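1. Attaching a predicted model along with its sequence, questions to come.
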Amino acid sequence: MIRRMSLILTVLVLVCACMSVQAHADTDLGGAPFNPVTPPGTSWVALPGKAANASGLTITQLTPDITIGSEAVFSASATPSGDTPLEYELRVCKDTGVSPVPTTYLQNWSTSDTISFTLYEPGDYILFARVREQGNKNYISSYRYFSAADAEGVVTVSDRVNEIVAECQQAVSGEYETALWLHDWITHHAYYDYTYSNYDAEGILFYGKGVCDSYSKLYDRLLKRAGFECFRVTGGNHAWNAVKINGIWCQIDATWDDGGDEEVPVSGRENYYYFGHNDAMMKIDHTYECSTAFTSIENYYYLRTGEYTIWLSHVWNEIIESLQDGMSGFFVDTQHKSMATATSFYSGSYADKRNTLTAIILSELTWDFKHNLSVGAAFTYDDESGYLYCAAELAPYTLALPSGLKDINASAFEGTGPVLCVTLPTGALSIGSRAFASCQSLISIRIPDSVTTIAADAFAGAPSDLVIICSDGSAAASYALANGYETQLP
């Protein structure tokens, strides 16, 4: 009893602010320290409010013996200061002994002073009530403990969780496949609850609807029952899931994968845009703090299936062509590219999110560069210009010769590969016969002004589109002109 009483004030202060989707908390409780005047569960307890123009809030349990699977009814009443109607907010919460208490059902502010609900999980609960006069944001609060007893033959939340996981294990095997199957079960059996009434797993299991708390709590229970290491992530009035799949932590938002934003249920828009995100991907449009680092996109659905190449098809082809042409740094204009996709998620007002996500995915890939070399590339997106910038990572194929080297002897690097870029040190004097002959992957060489002698066959068999980086009027510039090579100023 002491534990319960010491918990209540903190719960009431935080319960609206901390519940996902509920972003409309009116004001915090304040005033005198919490001091219940009646033992909880026997009658009612008044809590300090903020100059509310109502008094005497009481809660009455109209259903004498509450059991799971049967409707329970409570009412609240208070005395107004005048003729202004009162409105009530009634919230059913599990008594978990921790703060904030998780909400199961919520009846938002209305003139109805009665709440009815059916529970499917036995245990201890708390009914919180707040009352205010219409037009007045200040309120008074009260609460009442009650219990829901088990009932023979009634299917519980745990029963349904066990049934779903058993069905999953009959259908698929493997961690990734199991996590995906459970995700799909939720998105195909749930609709988002725009009445903001259902906050627990039973909302989806028994009513087919719930807010993000319902989605994430149910997914968490299913994953745990299937043996996964997982937890819920909350932030920005939202909740989703973190799960370790095949040893790799990732994040999954089943609520936002259950597509559509209408208040009328819509099927056929389920997707996987938020299945397998790392921190960089999730923080595009989720706000949170978490001690667990999510660094890999190995579990990202569209990466595993290869489908990202479809909705990136237009920029994809341009990137491949540019890299295979040997361009190590270039821009792609996303504003004039039609990103093919099945829904509007990657178009319109979501363009910046789409393109930021695109840059993250592309940066994780290995690309075919000129001469069939494999390179990484760092992609960044500039939301002001609408351009993606690609910087190919050519360091593994770059050769910078040591300072102090004077002469590049005959055949010194003949046939060496794969080498893309070579830099000669300042102070070098000569390049000998066939020094870089048959270096078929060579795309550029930087030759300082100090080089005055270059053998005619120094680059025999090198690519015809070799670029010589040199100053105008230098020996290298004259050599390039005589042999048909392109030049570029340093």
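-> Alright, I've got the coordinates. Numbers count the residues shown, from 1 in each chain.
2. Identify the residue nearest V154 in space, chain neighbours excluded?
-> Leaving aside its chain neighbours, V154 sits nearest to G69 (3.5 Å; criterion: C-beta to C-beta, 6 or more residues apart in numbering). Placement of C-beta: from N, CA and C, glycine included.
3. mind checking pLDDT for the residue nearest to V172 when sequence neighbours are not counted?
-> Among residues not flanking V172 along the chain, W181 sits closest, at 5.0 Å (C-beta to C-beta, 6+ apart). Per-residue confidence (pLDDT) for W181: 98.
4. A254: neighbouring residues, count only.
-> 26 (other C-beta atoms under 10 Å).
5. who's in contact with it?
-> 183, 186-187, 215-216, 219, 240-241, 274 (C-beta atoms under 8 Å, 6 or more residues apart in numbering).
6. now swap in P402 and tell me
-> Shown in contact with P402 (C-beta under 8 Å, 6+ apart): P425.
7. cool, V155 as well?
-> 69, 120.
8. hang on, the earlier thing: pretty sure the residue nearest to V172 is in a helix, no?
-> Yes: per DSSP: H, G, I helix; E, B strand; the rest coil, W181 lies within a helix segment.
9. Give the full set of residues in contact with it.
-> Shown in contact with W181 (C-beta under 8 Å, 6+ apart): 168, 171-172.
10. Also V157?
-> V157 is in contact with 120-121, 200-202, 205, 221, counting by C-beta under 8 Å, 6+ apart.
11. Which pLDDT value does the model give it?
-> We have a pLDDT of 97 for V157.
12. Grab the nearest non-local neighbour of it.
-> Nearest non-adjacent residue to V157, counting by C-beta to C-beta, 6+ apart: E121, 4.6 Å away.
13. Repeat that for L182.
-> Distance criterion C-beta to C-beta, 6+ apart; nearest residue to L182, sequence neighbours excluded, is L222 at 4.6 Å.
14. Test my guess that the residue nearest to V157 contacts D159.
-> No: taking C-beta atoms under 8 Å as the definition, E121 is not a contact partner of D159, at 9.9 Å.
15. more neighbours, the two?
-> Taking other C-beta under 10 Å, E121 and D159 do not tie; E121 has more neighbours (18 against 13).
16. list the contacts for that one?
-> E121 makes contacts with 68, 94, 148, 156-158, 202, as judged by C-beta under 8 Å, 6+ apart.
17. out of those, which are buried?
-> For the contacts of E121, a burial check counting by 16 or more other C-beta atoms under 10 Å picks out 68, 94, 148, 156-157, 202.
18. buried ones in stretch 136-155?
-> Neighbour counts over stretch 136-155 (16+ other C-beta under 10 Å) mark 136, 139-146, 148 as buried.
19. Mind putting the contacts of W181 into JSON lines with secondary structure and neighbour count?
-> Below are these laid out as JSON lines (DSSP: H, G, I helix; E, B strand; the rest coil; neighbours: other C-beta atoms under 10 Å):
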{"residue": "C168", "secondary structure": "helix", "neighbour count": "21"}
{"residue": "A171", "secondary structure": "helix", "neighbour count": "11"}
{"residue": "V172", "secondary structure": "coil", "neighbour count": "14"}
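20. Adding distance to I59 as columns, could you present the residues you listed in CSV?
-> Shown next, in CSV, are the contacts of W181 (distance: C-beta to C-beta, whole Å):
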residue, distance to I59
C168, 41
A171, 45
V172, 47
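21. Now flag whichever of those is closest to R446.
-> Using C-beta to C-beta, V172 is the member of these that lies nearest R446, at 55.3 Å.
22. Return the per-residue confidence for the residue lying closest to T287 once chain neighbours are set aside.
-> Spatial nearest neighbour of T287, excluding adjacent residues (C-beta to C-beta, 6+ apart): G236 at 3.8 Å. pLDDT, G236: 91.
23. For G236, give its distance to D253.
-> 12 Å (C-beta to C-beta, to the nearest Å).
24. okay, and the common contacts of those two?
-> Listed as contacting both G236 and D253 by C-beta under 8 Å, 6+ apart are H286.
25. Next up, phi/psi of the residue most central in space within the chain, please.
-> Taking C-alpha atoms, centre = their mean, the centroid of the chain lies closest to M282, which sits 2.4 Å from it. Here is the backbone geometry of M282 (degrees, to the nearest 10): phi -70, psi -30.
26. Can you list the residue ranges for helices in this structure?
-> Applying DSSP state H to the chain gives helices spanning 2-18, 157-171, 175-189, 201-207, 212-225, 254-257, 279-282, 301-305, 308-311, 313-324, 351-363, 475-483.
27. okay, those helices in a markdown table with distance to S77 next?
-> Output for the helices of the chain, formatted as a markdown table (distance: least, C-beta to C-beta, whole Å):
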| stretch | distance to S77 |
| --- | --- |
| helix 2-18 | 19 |
| helix 157-171 | 31 |
| helix 175-189 | 38 |
| helix 201-207 | 27 |
| helix 212-225 | 29 |
| helix 254-257 | 36 |
| helix 279-282 | 45 |
| helix 301-305 | 51 |
| helix 308-311 | 56 |
| helix 313-324 | 63 |
| helix 351-363 | 48 |
| helix 475-483 | 93 |
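28. Of all these, which one is nearest Q440?
-> Here helix 313-324 is closest among the helices of the chain (C-beta to C-beta), at 14.9 Å.
29. how many other residues sit next to the residue nearest to L182?
-> 26.
30. Next: S438.
-> 16.
31. Grab the nearest non-local neighbour of Y288.
-> Once flanking residues are discounted, Y288 sits nearest to G235: 3.1 Å by C-beta to C-beta, 6+ apart.
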